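*Asks:* any chance you could fold what I've pasted below:
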Amino acid sequence: MAHGTAYRTSLGMSPYQIVFKKACHLSVEIKHKAYLAVKKSNMAYDQVGMERMLQLQELEELRLEAYENSRIYKQKVKQFHDNRILRKEFKVGQKVLLLYSRLKIIAGKLRSRWDRPFIITNVNGHQLKHFYEGSTPIVGEVDNISLLEPAKPNDTL
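*Replies:* Sure, this is the predicted structure:
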């Protein structure tokens, strides 16, 4: 019960309040349930109809308010996330590691997702990571690839 009655930051209210348009009163707080039931059932029918229409309007207002609060919350979270993204700048001639996107489903946790270092000939920074040379040089040739033209898949791997 406490899960549905707790205040949600993203909605600006509790889910219970959205559905029933009032704050939740736990059964411990209500001492005279029978009195409240009798009091509500003794209304005139035309008054009950008007009350029901008002309740529906208030419920719609609560839903719209929750929707607006959710939209504002999503905007704030998106802005926070976007501010924390670091933009990478790559230059021609720089060494980079290329994301190896053709990993098998069960590749193993310890297998690197980055392919050997390449030298940039054209700049298009998708699926790249800076390569920092350590004290041990890489043995073998370094391939030059163009990132502007899509590579054809090689099925022999």
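
*Asks:* and the biggest strand by length in the chain, what does it pack against?
*Replies:* Using DSSP state E to define each element, the chain has its longest strand at strand 114-120. For strand 114-120, the helices and strands in contact under the criterion 3 or more C-beta pairs under 8 Å, 6 or more residues apart in numbering; DSSP states H and E are strand 95-99, strand 144-145. From N, CA and C alone the C-beta is placed, and that goes for glycine too.

*Asks:* pLDDT below threshold where in the chain?
*Replies:* Counting by pLDDT under 70, the chain has low-confidence residues at 1-4, 25-45, 100-111, 122-157.

*Asks:* now the helices for it?
*Replies:* Using DSSP state H, the helices of the chain run over residues 2-5, 15-20, 33-41, 45-84.

*Asks:* adding distance to Asp115 and mean neighbour count, write the ones you listed out as CSV.
*Replies:* Below are the helices of the chain laid out as CSV (distance: least, C-beta to C-beta, whole Å; neighbours: other C-beta atoms under 10 Å):
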stretch, distance to Asp115, mean neighbour count
helix 2-5, 46, 10
helix 15-20, 47, 16
helix 33-41, 69, 9
helix 45-84, 27, 11
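
*Asks:* CA atoms of the longest strand of the chain as CSV?
*Replies:* The C-alpha coordinates for strand 114-120 follow below in CSV (Å, rounded to 0.1, in the frame of the first residue of the first chain):
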residue,chain,number,x,y,z
TRP,A,114,37.7,-2.5,-29.5
ASP,A,115,39.7,-3.4,-32.5
ARG,A,116,43.4,-2.6,-33.1
PRO,A,117,44.5,1.0,-33.5
PHE,A,118,43.8,2.7,-36.8
ILE,A,119,45.0,6.0,-38.2
ILE,A,120,42.3,8.5,-39.1
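
*Asks:* got the angle between it and strand 95-99?
*Replies:* 140 degrees (axes from the mean of the first three to the mean of the last three C-alpha atoms, to 10 degrees).

*Asks:* give me the sheet partners of strand 114-120 and which way each runs.
*Replies:* In the sheet, strand 114-120 lines up against strand 95-99 (antiparallel), strand 144-145 (parallel) (DSSP bridges).

*Asks:* mind listing what's buried in it?
*Replies:* Residues of strand 114-120 classed as buried: 115, 117-118, 120 (neighbour count, 16 or more other C-beta atoms under 10 Å).
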